[in-house]
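> with the input below, show me the fold.
(4 chains)
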Protein chains: 4
Amino acid sequence: MFDFTTQIRVRYADTDQMGYVYYGNYARYFEIGRVEALRSLGISYKNLEEQGIMMPVLENFSKYLRPAYYDDLLSLRVMIKEIPGTRIRFEYEIHNEEGTLIHIGHTVLVFISAETKKVVSFPGYIKEAIQRFFEKTLE
Amino acid sequence: MFDFTTQIRVRYADTDQMGYVYYGNYARYFEIGRVEALRSLGISYKNLEEQGIMMPVLENFSKYLRPAYYDDLLSLRVMIKEIPGTRIRFEYEIHNEEGTLIHIGHTVLVFISAETKKVVSFPGYIKEAIQRFFEKTLE
Amino acid sequence: MFDFTTQIRVRYADTDQMGYVYYGNYARYFEIGRVEALRSLGISYKNLEEQGIMMPVLENFSKYLRPAYYDDLLSLRVMIKEIPGTRIRFEYEIHNEEGTLIHIGHTVLVFISAETKKVVSFPGYIKEAIQRFFEKTLE
Amino acid sequence: MFDFTTQIRVRYADTDQMGYVYYGNYARYFEIGRVEALRSLGISYKNLEEQGIMMPVLENFSKYLRPAYYDDLLSLRVMIKEIPGTRIRFEYEIHNEEGTLIHIGHTVLVFISAETKKVVSFPGYIKEAIQRFFEKTLE
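This is a model prediction of the structure:
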């Protein structure tokens, strides 16, 4: 599987009057995780769009185990556990600075043509970049 | 079951460069739906917090069937299908102006004491307000 | 001058851990005010974009006189005090439910072609719709 | 004067359907700049709040010279040009990766007691941390 971790600083803008990160803001964190995970593979989501491929979200899930607080430096782990076809599924785990698992989630995205809005097959160079991680696991 | 519909106008702030509502912004729409659903029952979430009860989110799920676009006037249907215990589950359906179902989702929230952050039992007056809808169904 | 008032409900998503509306969220309120003000004149910003005209923001200013709180039903007054040329200036006043003036601000926008990104002259039908209000004032 | 620069990556969540950073999202960037500027001085805004001092915003201004785009790595320069009294004024300049100045702005904040919500005098240790930069300038 592909496994990547990045850090996210909780901003004041992210909090709500409960003093927690507002529940809708984890989607933003997930986006950061996905994009930085792809970048670590040499894949730029920006370039992908410039090449006429968009990745809209089909499904998003969040489980809030513990709150995240203002100024927390969160560790967001991003995992791809299955080789993507026309869809790609990212799974997430968020730990706080004390190492407590506070959040889990997943997002499913699909590859579509920006022009036709139809589902397209997964670009070859991304497939290769990701497949390596699954081969490694088999060795 | 309890069943309520409210309308939500998509704002420019909600869109992203794909020209769709950004996937993280449905959580905001769900919040509006829940709060207006409770208000229709005479329950003010604001008052609830002033009485020392908070309702953090435990779980949130979104399925993106079709995109929502700028300036769409969405119909957000909010349903409570089970009598709440210490948790309350809201289910959602979003239709666009053409009547197409574009989004489904659900949120699970828990009642906690603002002071102790411990789970508390569901305030009696809310229970009564919601229970009526389940009795009606049985008639 | 052109003068329009709309109501805005403060959502949980808008608050921060200070218990106030996060300072960056007034821009969203201003957007709602501008778009609803134009709609009251029969002008749809969505249609404008479909006709190839965009209105990016050149300047935005906010003065925070008093906080806005969760669930407040704010009255947002939107004013156009000068006949627009290639630029249009919206001024705002926000009052809370007690009638207290809590916020003032303004936004300057420009009309550009979506295709060339160059400044374009102000569409005639909008000019007419707005000019009426200035003529009225002179009578 | 005090002068600090940090980098900000534009996220998909920040864009709107114009393909630009939504005009309201610069306030979030400014917040990041202020907090990281203070952190570089050994001042934690989080600790400040824990000590009972809050810094609500009194005034915010943005001038949009050029758009910022998705995935841009922006350089946000934060300056304090006057020794703060009960108020503190941050000035900003944002350059894109090509080195073009795309945005300027400022924010004025006030120090208040979290308990009484009254204006308080500027904490001594922050004053000292900032004053050093002004003395340096005089040498």
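> what helix or strand is A:Arg77 located in?
strand A:73-80 (DSSP states H and E).
> helix or strand next in line after that strand, which one?
Per DSSP H and E, the helix or strand that comes after strand A:73-80 is strand A:87-95.
> can you list the buried residues in whatever helix or strand comes next after that next one?
Counting by DSSP H and E, the next helix or strand C-terminal to strand A:87-95 is strand A:101-110. Within strand A:101-110, the residues that qualify as buried are A:102-103, A:105-110, counting by 16 or more other CB atoms under 10 Å in any protein chain shown. C-beta coordinates here come from the backbone N, C-alpha and C atoms, glycine included.
> try stretch A:41-59
In stretch A:41-59, counting by 16+ other CB under 10 Å, buried: A:41, A:43, A:45-46, A:48-49, A:53-59.
> and which of the buried residues of strand A:101-110 is nearest to chain C?
Proximity of those to chain C (CB to the nearest CB) peaks at A:Ile102, which lies at 16.6 Å.
> please, which helix or strand holds the nearest residue to the closest one once chain neighbours are set aside?
Nearest residue to A:Ile102 in three dimensions, chain neighbours excluded: A:Arg66, at 4.0 Å (CB to CB, 6 or more residues apart in numbering or on different chains). Here A:Arg66, judged by DSSP H and E, is contained in no helix and no strand.
> so A:Arg66 touches A:Gly99, yeah?
No - applying CB atoms under 8 Å as the test, A:Arg66 and A:Gly99 come out as separate, 11.7 Å apart.
> what's the distance between the residue nearest to A:Ile102 and chain D?
18 Å (CB to the nearest CB, to the nearest Å).
> can you report how many residues neighbour that residue?
By other CB atoms under 10 Å in any protein chain shown, the residues close to A:Arg66 number 14.
> repeat for A:Glu36
18.
> who's in contact with A:Thr100?
By CB atoms under 8 Å, 6 or more residues apart in numbering or on different chains, the contact list for A:Thr100 reads A:Arg66.
> could you do A:Met79 as well?
Listed by CB under 8 Å, 6+ apart, the contact partners of A:Met79 are A:1-4, A:90-93.
> chain neighbours aside, what residue packs nearest to it?
Per CB to CB, 6+ apart, closest to A:Met79 is A:Glu91, 4.5 Å.
> quick one: low-confidence parts of chain A?
For chain A, the stretches flagged by pLDDT under 70 are A:136-139.
> in the buried residues of stretch A:41-59, find the pair that's most separated.
Pairwise distances across these peak at 23.2 Å for A:Lys46 and A:Glu59 (criterion: CB to CB).
> quick one: name the residues of chain A near chain C.
A:12-13, A:15-19, A:22, A:24, A:70 (CB under 8 Å from any CB of the partner chain).
> buried ones among those?
Buried among these (16+ other CB under 10 Å): A:12-13, A:15-18, A:22, A:24, A:70.
> now, those residues that are in helices?
Using DSSP state H, no member of those sits in helices.
> closest to A:Ile80 among those?
For those, the nearest to A:Ile80 is A:Gly24 (24.0 Å; CB to CB).
> list the residues that contact the closest one.
Counting by CB under 8 Å, 6+ apart, A:Gly24 makes contact with B:24-28, B:31, B:60, C:13.
> select from those the one having the most neighbours.
The contacts of A:Gly24, ranked by neighbours (other CB under 10 Å): first place B:Tyr26, 27 neighbours.
> what's the helix or strand for that residue?
Here B:Tyr26 is assigned to helix B:26-40, by DSSP H and E.
> give me the contact status of that helix with chain D.
No - for a cut-off given as CB under 8 Å from any CB, helix B:26-40 has no contacts with chain D; the smallest distance is 11.9 Å.
> now check that helix, is it near chain A?
Yes - judged by CB under 8 Å from any CB, helix B:26-40 and chain A are in contact via B:26-28, B:31.
> so who does the residue nearest the centre of chain A touch?
Residue closest to the average C-alpha location in chain A (CA atoms, centre = their mean): A:Arg34, at 2.9 Å. Taking CB under 8 Å, 6+ apart as the criterion, A:Arg34 is in contact with A:45, A:78, A:90, A:107, A:109.
> out of those residues, which is nearest to chain D?
Closest to chain D, out of all of these and judged by CB to the nearest CB, is A:Tyr45, at 7.2 Å.
> name the nearest residue to that closest one, sequence neighbours excluded.
A:Val35 (5.2 Å).
> partner strands of the strand holding A:Arg77, with direction?
Strand A:73-80 has its sheet partners listed here by DSSP bridges as strand A:2-9 (antiparallel), strand A:87-95 (antiparallel).
> can I get those strands in TSV with mean neighbour count?
Output for those, formatted as TSV (neighbours: other CB atoms under 10 Å in any protein chain shown):
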stretch	mean neighbour count
strand A:2-9	17
strand A:87-95	19
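> for the residue nearest to A:Ile94 when sequence neighbours are not counted, name its beta-bridge partners.
Nearest in space to A:Ile94, with sequence neighbours left out and distances taken as CB to CB, 6+ apart, is A:His103 at 3.9 Å. Listed beta-bridge partners, A:His103: A:Tyr64, A:Ile94 (assigned using DSSP bridges).
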